[in-house]
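Let's see this in three dimensions:
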Amino acid sequence: MFCNPPYGRQITDWVRKGYEESKKPGTLVVMLIPARTDTSYFHDYIFHGKADEVRFIRGRLTFTDEDGNPTKDAKGRPCSAPFPSAVVIWRSKDMAQSLRDMVLDLIKDRDMTANEIAATLSDRGQQVSRSDVGPILTKAQAAGLIRNAGKRECSVTGRSAIAWKAEKEVFHGNKPNHKRNPAGEL
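Model prediction:
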C-alpha cells in the first residue's frame, strides 16, 4: 500500500494506521511524509526499529502538472514543498523474512554484490532494488549470517563493490538455519 497522507494535524493518525497495518501478514506499507523527526509520530511509529526503512529525500519535492511540467508560483518560480520529505517503509514480518531468506539463499553458494542480488531477484519477478537489499545485508552481517567476501567489480554496475557470502554453517539443506542468531531475528 502506498500512501501520501494529508500533511495536516491528522498525519499522526495516518502514520499510526500505516504502522498498525504493517503488522498484518503479507503487508507492505510505503508512506511519503514530511521528514519532521522532532515529532511524536516519528518517535512512536518510525524510529527505534519500528519502520524497516526510512529514506530521506535530498532537497525539497517539487510539484508538477499532469504533463510533468513544474507548477509555478505567482512569481513564476517552481513550487516546492516547504519542508524536507522522507519515504517510510514498513513490512510485515512474513514479507521481510521471505525477502531476507531469498537474499541469504542467493549468496549461500557464491559471493554477490548488493546490486547483483537485487538484479537477480528482479529477474525472478521480485520487486526489489539495491536499497531494499542493503539493509538486509547489514543486519545479516551483524547477526553473523553473512560475511564480507572482499571487493570486486560488480557485474551490474561495472564498479568496485563489496561482495557478500553466507556463512556455511547458517544452512542445513536448502533452508536458512536461524539457530546462529539466538534472538531469531535480523
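
so what's residue 107 closest to, chain neighbours aside?
Counting by CB to CB, 6 or more residues apart in numbering, residue 107 lies nearest to residue 166, which is 4.8 Å off, once chain neighbours are set aside. The C-beta positions use only the backbone N, C-alpha and C, and glycine is treated the same way.

just residue 150 next, same as before
residue 163 (6.2 Å).

Enumerate every residue touching that neighbour.
By CB atoms under 8 Å, 6 or more residues apart in numbering, the contact list for residue 163 reads 111-113, 148-152.

Which one of these is nearest to residue 56?
Nearest to residue 56, judged by CB to CB, of the contacts of residue 163 is residue 113 at 23.7 Å.

Tell me the bridge partners for the closest one.
residue 163 (DSSP bridges).

got the contact list for it?
Taking CB under 8 Å, 6+ apart, we find residue 113 in contact with 152, 154-157, 161-164.

Could you report the pLDDT at it?
Residue 113 is assigned 96 on the pLDDT scale.

which residues in this structure form helices?
Counting by DSSP state H, the chain has helices at residues 11-21, 40-45, 93-106, 114-123, 130-142.

okay if I get the ones you listed as CSV plus mean neighbour count and distance to residue 32?
Output for those, formatted as CSV (neighbours: other CB atoms under 10 Å; distance: least, CB to CB, whole Å):
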stretch, mean neighbour count, distance to residue 32
helix 11-21, 17, 11
helix 40-45, 17, 14
helix 93-106, 18, 20
helix 114-123, 19, 22
helix 130-142, 18, 15
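
what's the closest of these to residue 78?
Residue 78 lies closest, by CB to CB, to one member of these: helix 11-21, at 24.3 Å.

CA atoms only: put that closest one into PDB for me.
Extracted C-alpha coordinates of helix 11-21, given in PDB (Å, rounded to 0.1, in the frame of the first residue of the first chain):
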ATOM      1  CA  ILE A  11      -0.900  13.000   9.900                       C
ATOM      2  CA  THR A  12      -0.200  11.200  13.300                       C
ATOM      3  CA  ASP A  13      -3.400   9.100  12.700                       C
ATOM      4  CA  TRP A  14      -2.300   8.200   9.200                       C
ATOM      5  CA  VAL A  15       1.300   7.200  10.300                       C
ATOM      6  CA  ARG A  16      -0.100   5.200  13.200                       C
ATOM      7  CA  LYS A  17      -2.500   3.400  10.800                       C
ATOM      8  CA  GLY A  18       0.300   2.600   8.400                       C
ATOM      9  CA  TYR A  19       2.400   1.200  11.200                       C
ATOM     10  CA  GLU A  20      -0.600  -0.900  12.500                       C
ATOM     11  CA  GLU A  21      -1.400  -2.200   9.000                       C
END
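
Lovely, talk soon.
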